[in-house]
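[1] Quick one: sequence plus predicted model below, questions after.
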Amino acid sequence: MLGYCLRHIKGEGHSNSSYYGDLSVVFEYGDELDINALNITIAERLNHAADLASLLSYLHHSPLGSLVDFDIKPAHFKMVNGKIKLIDLDFMKNVESTCFLSSSHKNSKPCPFNISCQELNDVEIRYTNCQTVPCEVGVCRGRNVKYNLQKINNIFFQDLLKPKFFPFALNFSLSRLLTQLNKTSIGVDTLEKAIRNITLAYTNLRTHKKRLL
Ligand SMILES: Nc1ncnc2c1ncn2[C@@H]1O[C@H](COP(=O)(O)OP(=O)(O)O)[C@@H](O)[C@H]1O
Ligand SMILES: [Mg+2]
């Protein structure tokens, strides 16, 4: 975001209109991005993967709580100076989905991604309309990060990290990582570390090859 302007309608004489914020935002311009049509080197694949993992980590560790973006789709990724960037952030939430602690509750529905329904913490209890003591409502903690991870995996990681693009020596680590991503069984910190390790292994392979030549 380069800048924004907030206009107060009432302050400008529109006394009859109900108040709403008139917000204009200016973003840097991003080019269209078609990941399958990109002709990129292995190093660029790994850089993009590291950047996307860092985006997932940024959203998850946000000071507002773990953020979910319900509008992650290919058209919302643009390219700026060779870097993938996310646009359209107005469908973002910092609330994890709710569940019922007892599976026999009439409205009980399991959490997605095989997450177990967890008890609310002190802050969550304060902002929850509990009908009973103890509260029957729980939280699908970790749903937000897994939702983002699943979307970005389907759009990017499965293609960026496809073993066929890499030296054979990296195939095992890449396949294992892709399986974990498909099962959404990997945390964002571990994902960042796994990509760093694969990048290191790739750099070592290249240095070794150069020395042999
Ligand atoms: N920073 C940007 N660079 C290039 N195109 C953009 C940018 N922001 C928005 N667009 C284009 O405008 C369209 C609508 O913007 P978006 O932020 O998705 O608004 P909405 O919330 O209405 O979906 C996008 O799909 C994209 O094609
Ligand atoms: Mg949009």
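    Arrived safely. Ligands and ions are numbered 1, 2, ... in the order given.

[2] residue of the chain with the smallest distance to ligand 1?
    In the chain, the residue found nearest to ligand 1 is residue 88; the distance is 3.4 Å by Cβ to the nearest ligand atom. In short, each C-beta sits where N, CA and C put it, glycine included.

[3] SS state for that residue?
    Following DSSP: H, G, I helix; E, B strand; the rest coil, residue 88 is assigned to coil.

[4] quick one: contacts for it?
    71, 76 (Cβ atoms under 8 Å, 6 or more residues apart in numbering).

[5] Next, give phi and psi for it.
    Main-chain dihedrals, residue 88, degrees, to the nearest 10: phi 60, psi 80.

[6] Now do the same for it: its pLDDT.
    Predicted confidence (pLDDT) for residue 88: 94.

[7] Just confirm yes or no for the least confident helix or strand in the chain by mean pLDDT near ligand 1.
    Ranking every helix and strand in the chain by mean pLDDT, DSSP states H and E puts strand 21-26 at the bottom, with a mean of 80. No: if you take Cβ under 6 Å from any ligand atom as the test, strand 21-26 misses ligand 1, and the best it gets is 9.1 Å.

[8] Tell me the residues of the protein that contact ligand 1?
    Residues of the chain lying near ligand 1 by Cβ under 6 Å from any ligand atom: 27, 29-30, 75-76, 78, 87-88, 90.

[9] which among these end up buried?
    Buried members of the residues of the chain next to ligand 1, counted by 16 or more other Cβ atoms under 10 Å: 30, 76, 78.

[10] Leaving out chain neighbours, which residue sits closest to residue 60?
    residue 145 (4.5 Å; Cβ to Cβ, 6 or more residues apart in numbering).

[11] Contacts for the host helix or strand of that neighbour, please.
    Secondary structure assignment for residue 145, by DSSP states H and E: helix 143-152. Applying Cβ under 8 Å, 6+ apart, the external contacts of helix 143-152 come out as 52, 55-56, 59-60, 66-70, 72-73, 93-94, 96-97, 111-113, 115, 181, 184, 186-188, 191.

[12] Could you do stretch 186-199 as well?
    Residues outside stretch 186-199 that contact it (Cβ under 8 Å, 6+ apart): 46, 49-50, 53-54, 56-57, 60-61, 145, 149, 161, 170, 173-174, 177, 180-181.

[13] Check the burial of residue 189 by counting its neighbours.
    By the criterion of other Cβ atoms under 10 Å, residue 189 has 13 neighbours.

[14] Also residue 40?
    Neighbourhood size, residue 40 [other Cβ under 10 Å]: 14.
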